[in-house]
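> only the shape, not the letters, is given here:
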């Protein structure tokens, strides 16, 4: 069984908070590639920052998510990803028109169920790593919500509830025996 669980969706929808909850419960987690890239780029020359060169940023995200996916396959138990390869490939394809999404998506599968955080304006904020506005976040969400089913994933939209309940909801959707933590 594929135990690589992807949490995607709207920027500012609570993905990182949810990933922290899973980590606190002892599950393996993978931090959002975009935030890691921005941190690295801010310490370096900044050439692949999303507000400088979005295509370069997306290429870096694809490379990083492929490495994350490979490393996570070695883990036992559930591994929860804050975004993943599909998000990076969808962004790259949207920007460049290069049809890479299906090829990459087929070669690097996640668990059949993908969980999307919906747009949630009440909790949305910008910060030094997330400079884009809410409208841009919603447009990205709409693209992702349309892409995942075309790649054969079952999309589950997460309810707007407190983080512990959201984590329980995901674990319940995956299988009852995962509620051990």
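Great, that's in hand. Keep in mind the model is a prediction, meaning the values are calculated, not measured.

> contacts only, for residue 96.
Taking C-beta atoms under 8 Å, 6 or more residues apart in numbering, we find residue 96 in contact with 55, 58. To be clear about C-beta, it is placed using only N, CA and C from the backbone, and glycine gets the same treatment.

> kindly provide the distance from it to residue 56.
Using C-beta to C-beta, to the nearest Å, residue 96 is found at 11 Å from residue 56.

> swap in residue 175?
39 Å.

> higher neighbour count, those two?
For residue 175 versus residue 56, the count of surrounding residues by other C-beta atoms under 10 Å is larger for residue 56: 15 against 10.

> grab the nearest non-local neighbour of that one.
Of all residues not flanking residue 56 in the chain, residue 48 sits nearest, at 4.1 Å (C-beta to C-beta, 6 or more residues apart in numbering).

> number of nearby residues for the one you found?
If you count neighbours by other C-beta under 10 Å, residue 48 ends up with 20.

> select the helix or strand of this protein having the lowest average pLDDT value.
helix 101-107 (a mean of 77; mean pLDDT, DSSP states H and E).

> C-terminal to that one, what's the next element?
Remark: after helix 101-107, the chain's next helix or strand is strand 113-117, criterion DSSP states H and E.

> isn't residue 156 up against residue 113?
Yes - judged on C-beta atoms under 8 Å, residue 156 makes contact with residue 113 at a distance of 5.6 Å.

> quick check: neighbours shared by those two?
With C-beta under 8 Å, 6+ apart as the test, residue 156 and residue 113 both reach residue 173.

> residue closest to the middle of this protein?
residue 83 (1.1 Å; C-alpha atoms, centre = their mean).

> that one contacts residue 32, doesn't it?
Yes - with contacts counted by C-beta under 8 Å, residue 83 reaches residue 32, the gap being 5.0 Å.

> any residues in contact with both of these two?
Listed as contacting both residue 83 and residue 32 by C-beta under 8 Å, 6+ apart are residue 15.

> go through the longest helix seen in the chain and flag the buried ones.
Counting residues, the longest helix in the chain under DSSP state H turns out to be helix 54-72. Of the residues in helix 54-72, 54, 57-62, 64-66, 68-69, 72 count as buried by neighbour count, 16 or more other C-beta atoms under 10 Å.
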